[in-house]
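Visitor: No letters, just coordinates:
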């Protein structure tokens, strides 16, 4: 039986992840709360020896707008809905991180890099939406611009996290062609298949219920090669924010722990993911919940040999076992 693993991936995107659905006025406090959460999360990861992948929007990796503008790709996406165009949004971006902490996260990225076991993955250059329009050439150009942006920091990204979990087979081939070795796939159940951003209420409602009651299975993460050399490390569970309901929180924790135990017993993985800004409100309640998960991981590590690995460590293990 394969060794079980526990992996965490975080979508580090700041306001680039929500500019199409929210305003700085309405959502800005959660972005700032997410900034405060990152050092606390890192401290907890160090305490529990957790390895994690931070899928970073390259636009958020800069110190200032002048530098950012030097890395824009020549080929850019054309979206039918103007509100999802990140380049149109640039007019709302400030000069630097101190003036505009909603869009620039260079200092936070440096804190992440400084912690052992942390991997910087790519979350595209511009928080790219792969399924909104036919922008395949623009997607390649976007990933290339992201790679150049990260190279200025001496970072080579090997793990890819698709924005809004949107992708198709052609996008996977592009990722493989550009040197990625792993990506975070979606859960196998119908509720989680890749879709455009506007999703049916039945799907959104089903996902919400599934966070508390098992309707979609354990979703243990079984790495596989969807394309030769590119390892799919599927998500198991999105870590929803604290709900302020003790009964629901008990159900949510039990749902996660049950799947973790199943992964440990069957030699599979459990892949947990969220955005730092999901901890932007109720930081200490969210951290207490995460601590409960990590305490349970420690139990499974002792009893079943479950390892904490980032995405590239998982893909390396998988490819070396072939």
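Guide: Received the coordinates, thanks. Source: prediction; values computed, not measured.

Visitor: who does the strand or helix carrying residue 271 touch, helix- and strand-wise?
Guide: Assigned by DSSP states H and E, residue 271 belongs to strand 269-274. The contact analysis (3 or more Cβ pairs under 8 Å, 6 or more residues apart in numbering; DSSP states H and E) places strand 269-274 against strand 5-12, strand 237-238, helix 246-266. Where you see a C-beta, it was placed from the backbone N, CA and C, and this is true even at glycine.

Visitor: which of the ones you listed is buried the deepest?
Guide: Stretch with highest mean neighbour count among the helices and strands packed on strand 269-274: strand 5-12 (a mean of 26; mean count of other Cβ atoms under 10 Å).

Visitor: From the chain's centroid, how far away is the strand holding residue 271?
Guide: Chain-centre distance of strand 269-274: 9 Å, with Cα atoms, centre = their mean, to the nearest Å.

Visitor: Okay, angle between whatever helix or strand comes next after it and strand 269-274 too, please.
Guide: Note on strand 269-274: by DSSP H and E, the next helix or strand toward the C-terminus is helix 283-304. Here helix 283-304 runs at an angle of 170 degrees relative to strand 269-274 (axes from the mean of the first three to the mean of the last three Cα atoms, to 10 degrees).

Visitor: if we can go back for a sec, nearest to residue 168 among the helices and strands packed on strand 269-274 would be which one?
Guide: Among the helices and strands packed on strand 269-274, the nearest to residue 168 by Cβ to Cβ is strand 5-12 (19.6 Å).

Visitor: so after the closest one, what's the next helix or strand?
Guide: Moving toward the C-terminus from strand 5-12, the next helix or strand (DSSP H and E) is helix 24-48.

Visitor: same for that following helix, what does it pack against?
Guide: Partner elements for helix 24-48 (3+ Cβ pairs under 8 Å, 6+ apart): strand 5-12, helix 106-113, helix 283-304.

Visitor: Can you list the neighbours in contact with the second one?
Guide: Helix 106-113 is touched from outside by 12, 35, 38-39, 42, 54, 56, 60-63, 97, 118, 120, 153, 155, with contacts defined as Cβ atoms under 8 Å, 6 or more residues apart in numbering.

Visitor: residue contacts, the spatially closest residue to residue 229 that is not a sequence neighbour?
Guide: Distances taken as Cβ to Cβ, 6 or more residues apart in numbering place residue 176 nearest to residue 229, at 6.1 Å, with adjacent residues excluded. Contact analysis of residue 176 by Cβ under 8 Å, 6+ apart lists 227, 228, 229, 230.

Visitor: Now, of the residues you listed, which are buried?
Guide: residue 230 (16 or more other Cβ atoms under 10 Å).

Visitor: Among the contacts of residue 176, which lie within strands?
Guide: Within the contacts of residue 176, residues falling in strands by DSSP state E are 227, 230.

Visitor: okay if I get the contacts of residue 176 as CSV plus pLDDT and distance to residue 251?
Guide: CSV is the format used below for these (pLDDT from 0 to 100; distance: Cβ to Cβ, whole Å):
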residue, pLDDT, distance to residue 251
227, 87, 37
228, 87, 40
229, 88, 40
230, 95, 35
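
Visitor: ok, so of the contacts of residue 176, who is nearest residue 124?
Guide: Nearest to residue 124 out of the contacts of residue 176 is residue 230 (Cβ to Cβ; 16.0 Å).

Visitor: Report pLDDT for the closest residue to the closest one other than its chain neighbours.
Guide: Leaving aside its sequence neighbours, residue 230 sits nearest to residue 176 (Cβ to Cβ, 6+ apart; 4.3 Å). According to the prediction, residue 176 has pLDDT 97.

Visitor: How about the one 10 residues further on?
Guide: Reading off the per-residue confidence, residue 186 sits at a pLDDT of 86.

Visitor: doesn't residue 234 make contact with it?
Guide: Yes - with contact defined as Cβ atoms under 8 Å, residue 186 reaches residue 234; the gap is 6.5 Å.

Visitor: show me what contacts residue 39?
Guide: If you count contacts by Cβ under 8 Å, 6+ apart, residue 39 has them with residue 111.

Visitor: What helices and strands are in contact with the helix or strand bottoming out on mean pLDDT in the chain?
Guide: With mean pLDDT, DSSP states H and E as the measure, the helix or strand of the chain carrying the lowest mean pLDDT is helix 201-210 (a mean of 78). Of the remaining helices and strands, none touches helix 201-210 by 3+ Cβ pairs under 8 Å, 6+ apart.

Visitor: relative to helix 246-266, how tilted is it?
Guide: Here the directions of helix 201-210 and helix 246-266 differ by 80 degrees (the same axes, to 10 degrees).
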